[in-house]
Each structure stands twice: as structure tokens, then as C-alpha cells.
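Got a predicted structure here, sequence first:
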Amino acid sequence: MIQISGGPFQQNENWQLGSIEKTIIQQMQNDPVFYSYYSDYELLFELKVRKNIIQSAKDMNNSQAVFTTFVYARCNPRYWQLTQAGGFLLRPDVQPAEAILDIYRNSSLYAFECATAIPIIYYHAILNSIGSHLFNSLFRDLYLYSWHTDTDLGIITFHSNHFLPGDVLYINNPDFDRNTPQFRGLNAVLLNDGRLFGHGFNIRTSTEMIQILNEKRKMDSHQSAYITKLVTRPSFKYLFRVASWYRNGRAYKMQRPIVHHNKSSISYAHYLYYSM
């Protein structure tokens with residue numbers, strides 16, 4: 001269930017939302033948990049970023065980036081320095097937005113683990129949500145290694161029985177073959193049609209993902225891989241606040257969206273202008 005400023009949610013027909021945003025809203029409304037927002041802008045921002053996370057996952061699925069372990073990771077040296085741990089450190093003479101875009105534009109030059117794929121997808125989605133100028137202001141010192149070590153996205157992980165499109169789920173493979181530890185589990189983005197994207201596994205149903213991981217178990221195993229209740233997502237509220245602070249306090253001296261007496265009556269065109 002969605003709440004705006006403590007009150008019931010009423011969707012504005014002027015938002016002109018696409019099918020993905022409508023699917024997310026419907027799932028939120030059907031869930032027994034409360035999704036609470038300070039304003040309509042905050043909700044719209046999350047919907048936009050979630051939609052872009054899904055699109056960035058699909059774009060990575062169509063890319064030539066290779067799934068590999070940290071030992072064999074590689075990147076474009078024009079934009080990134082490869083660390084001994086297998087992470088990608090932004091070169092000091094490169095703009096963050098250009099470096100993230102290069103992973104998709106020159107994907108054949110890259111190879112990384114599924115844990116690295118998640119922050120790449122997040123950064124790409126946020127870049128497409130707020131634009132290059134603001135992205136470069138917010139994320140000056142990028143280091144792509146694992147979402148476990150990333151802090152500037154405000155990534156949170158928690159247990160839940162309720163998943164939304166754009167969430168990252170974890171498929172655990174408890175009896176993985178010790179000779180292939182990279183298959184101990186999989187971080188996968190939940191898409192709007194219920195399928196999952198996992199780097200190195202492509203877009204598949206959850207059943208297909210589990211079947212692939214089951215083929216990577218030790219020989220005497222009888223315990224199947226399974227989807228855990230762990231949910232990972234960036235802190236949309238944190239990102240919204242930080243982006244708003246930069247936008248209002250620095251280069252983005254924009255006119256705010258027109259708000260009528262009915263607080264839900266916000267033009268979607270004004271929202272897009274305000275968000276970019």
C-alpha cells in the first residue's frame with residue numbers, strides 16, 4: 001500500500017505513466033506493507049529509477065560484457081584502472097558519466113563478476129535518471145568492485161517476502177562445487193515481467209536460473225539452489241534527497257513543478273523536466 005505524506009495514494013492521470021511504472025504501482029498497492037513517501041516527487045523518482053534499473057539490466061543482457069571471476073576481470077584502460085582485487089577504479093582524468101557509459105558502449109572490453117554487475121546497473125540507471133551533469137557532481141570517485149563495498153548509492157539489503165520490479169534478489173546455491181566458487185549464488189535483477197537478469201546467466205525465469213545453478217553443485221549434492229528472501233536495492237529516498245540538494249543548491253536553479261491545490265495534480269512533463 002502506498003502512502004503520500006501519511007495519506008492515501010491517488011494516482012494522477014496527468015502523470016502518463018508507462019506500463020512498467022503502472023506495474024510497480026499496482027504491486028505496491030497490492031502488498032500488505034506500506035510504501036511511504038514524503039511527496040509525489042519522491043514516488044515518481046523511485047518509479048523512474050526502478051524503470052531504468054530494469055532497462056539497464058536488459059541493456060547489459062544484450063551487451064558483450066563477459067562473466068568472469070575477479071581474478072580475470074578486465075576493463076577499458078582509457079576510463080578505468082584495474083585494481084589487484086579485480087575492481088575498476090575511475091581514472092582521475094575521466095568524467096564518471098562517460099566511464100559508466102563506456103561499459104555499455106564498448107562492452108566487449110569488459111569482464112566482471114555478478115556482484116560487480118549490480119552497481120554498474122545501478123549507476124547506469126541513475127545516470128539515465130538524473131543526467132550527466134548531476135551524475136558527475138554526485139559520483140566523483142567511482143570504484144566498481146562489489147555492491148557490498150559500495151556506499152555512495154546507499155545500498156540496503158533486508159529480508160522480505162515482497163519483491164518489486166527493479167529489486168535485486170539473491171539465489172543461493174548452498175552445495176556449489178568448490179572448484180567453481182563463482183556459482184555459489186547469483187545476484188539477479190527482477191524485471192517487470194517476473195523474469196530475472198543475472199550477469200552471465202542472461203534473462204531467464206527463476207526456475208531456469210535455479211536449474212543452471214543446480215548443474216554447478218558438487219556431485220553428491222541433493223540440495224537445490226533457491227531464491228532467498230534477501231532483497232537489495234539502492235536507497236531511493238537517499239538518492240532523491242541528495243540529488244535534490246545538489247539540484248537546488250548548485251547548478252540546477254530550475255523552476256519547481258506546478259503543484260495545484262490537489263497535491264496529486266502534478267504534470268508528468270514538469271516532473272521529467274525537474275528530474276533531469
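Everything's here; your move. Residues are numbered from 1 along each chain as shown.

Only alpha carbons, please: show the lengthiest strand in the chain as PDB.
Ranked by number of residues, the top strand in the chain under DSSP state E is strand 226-233. What follows is strand 226-233, C-alpha atoms only, in PDB (Å, rounded to 0.1, in the frame of the first residue of the first chain):
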ATOM      1  CA  TYR A 226      16.700 -21.500  -4.200                       C
ATOM      2  CA  ILE A 227      15.700 -17.900  -4.100                       C
ATOM      3  CA  THR A 228      16.300 -16.400  -0.700                       C
ATOM      4  CA  LYS A 229      14.300 -13.700   1.000                       C
ATOM      5  CA  LEU A 230      17.200 -11.200   0.700                       C
ATOM      6  CA  VAL A 231      16.200  -8.000  -1.200                       C
ATOM      7  CA  THR A 232      18.800  -5.400  -2.300                       C
ATOM      8  CA  ARG A 233      18.000  -2.000  -3.600                       C
END
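
ok, which stretches of the stretch 51-200 of the chain are strands?
66-67, 80-82, 88-90, 111-112, 143-144, 156-159, 168-172, 185-190, 196-198 (DSSP state E, counting those that start in this stretch).

any chance of the ones you listed in TSV, with distance to residue 73 too?
Just so you know, the C-beta spots here come from the backbone N, C-alpha and C atoms, and that holds for glycine as well. Below are those laid out as TSV (distance: least, CB to CB, whole Å):
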stretch	distance to residue 73
strand 66-67	9
strand 80-82	7
strand 88-90	8
strand 111-112	5
strand 143-144	9
strand 156-159	23
strand 168-172	20
strand 185-190	16
strand 196-198	17
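
Would you mind saying which of those strands lies nearest residue 236?
In terms of CB to CB, the element of the strands of the stretch 51-200 of the chain nearest to residue 236 is strand 156-159, at 9.8 Å.

does residue 45 belong to a helix or a strand, and which?
Element membership for residue 45, per DSSP states H and E: helix 40-61.

so what's residue 180 scoring on pLDDT?
You'll see residue 180 listed with a pLDDT of 91.

related to what we said a few turns ago, make a markdown table from the strands of the stretch 51-200 of the chain and add mean neighbour count to it.
Output for the strands of the stretch 51-200 of the chain, formatted as a markdown table (neighbours: other CB atoms under 10 Å):
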| stretch | mean neighbour count |
| --- | --- |
| strand 66-67 | 16 |
| strand 80-82 | 17 |
| strand 88-90 | 20 |
| strand 111-112 | 23 |
| strand 143-144 | 22 |
| strand 156-159 | 10 |
| strand 168-172 | 21 |
| strand 185-190 | 24 |
| strand 196-198 | 24 |
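
one step back: contacting residues around the longest strand of the chain?
The contact list for strand 226-233 (CB atoms under 8 Å, 6 or more residues apart in numbering) reads 118, 147, 155-161, 163, 166-172, 187, 206, 210.

Stretch 21-38 now?
1-6, 9, 11, 17, 43, 46-48, 50-51, 160, 162, 164-166, 192, 237.

again, but for stretch 103-114
59-60, 63-70, 72-76, 86, 88, 120, 124, 144, 146, 182, 186-188, 198-201.
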